[in-house]
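Peer 1: Predicted structure and sequence below. I'll ask about it afterward.
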Amino acid sequence: MNHVERRVVLSLAAAACAVMLVLSPMAALAQSQTPKKKAASKAEPTSAELFEYIRGALLAYSADDRVNDNLEVSIDPTYTILTVKQPDGHCDIFLSALDANTISWDVYDATDSSQTRAPLARMTVISAAGKKARTCYDNDNNVDTTIATMYARLLFSWDKIPESSGLQTKMTRAMKKLIKLSGGYGEKDIFK
């Protein structure tokens, strides 16, 4: 082997050794690193947690006009009937009869001919065809037949809701999930 050939072979061997020296720590480092875990998916809220959120919001942001006040909010043990007590009686809202696709909000002027009242944020949910959304009772526990049964309404004092609270979005999301968990008609995109 002549001198030039020997130099080429030694240069190639040196280059191969250098590559091995650079790559072996990288391979060892790659093996020693623990694989990153995927972020744990957030657990879906339970019916009890959704009810507590809805109840808290209805009581915290209740009107104080002695007509539309939410005095108490309860739910039956099966989480299918939401009861809202107001000064003139109470309404049983049948969650299993509601259609989550029909939730809407509006600002309602609660003023009547005898008294000026603050505006209310009103959440309305319509029942599925052929089902009653609610039954309302007076203080003597007699059914109030003057109140429409095809939709349920939840009232909040417009003035009490903090501007950046996102209450409408959060309440809509909570109500949709509670309706679905209660056996009602879950949210569905009919245009897909």
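Peer 2: Arrived safely.
Peer 1: what domains does the record give for the protein?
Peer 2: Under automatic domain parsing, the residue ranges defining each domain of the chain are 1-29, 47-181.
Peer 1: And the strands in this protein?
Peer 2: Assigned by DSSP state E, the strands in the chain fall at 72-75, 81-86, 89-94, 104-108, 120-126, 134-137, 151-157.
Peer 1: for those strands, which one sits closest to Gln168?
Peer 2: Taking CB to CB as the criterion, strand 104-108 is the member of the strands of the chain that comes nearest to Gln168, at 5.4 Å. C-beta: built from backbone N, CA, C; applies to glycine.
Peer 1: Flag every buried residue along the closest one.
Peer 2: Of all the residues in strand 104-108, those buried under the rule 16 or more other CB atoms under 10 Å are Trp105, Tyr108.
Peer 1: next one: stretch 107-122
Peer 2: Along stretch 107-122, the positions that meet the burial threshold by neighbour count (16+ other CB under 10 Å) are Tyr108, Ala110, Arg117, Leu120, Ala121, Arg122.
Peer 1: Kindly report the same for stretch 135-153.
Peer 2: Going by neighbour count (16+ other CB under 10 Å), the buried part of stretch 135-153 is Thr135, Cys136, Tyr137, Thr149, Tyr151, Ala152, Arg153.
Peer 1: shaky segments in this protein?
Peer 2: Counting by pLDDT under 70, the chain contains low-confidence residues at 1-39.
Peer 1: now do 80
Peer 2: Scanning the chain for pLDDT under 80 picks out 1-41, 189-192.
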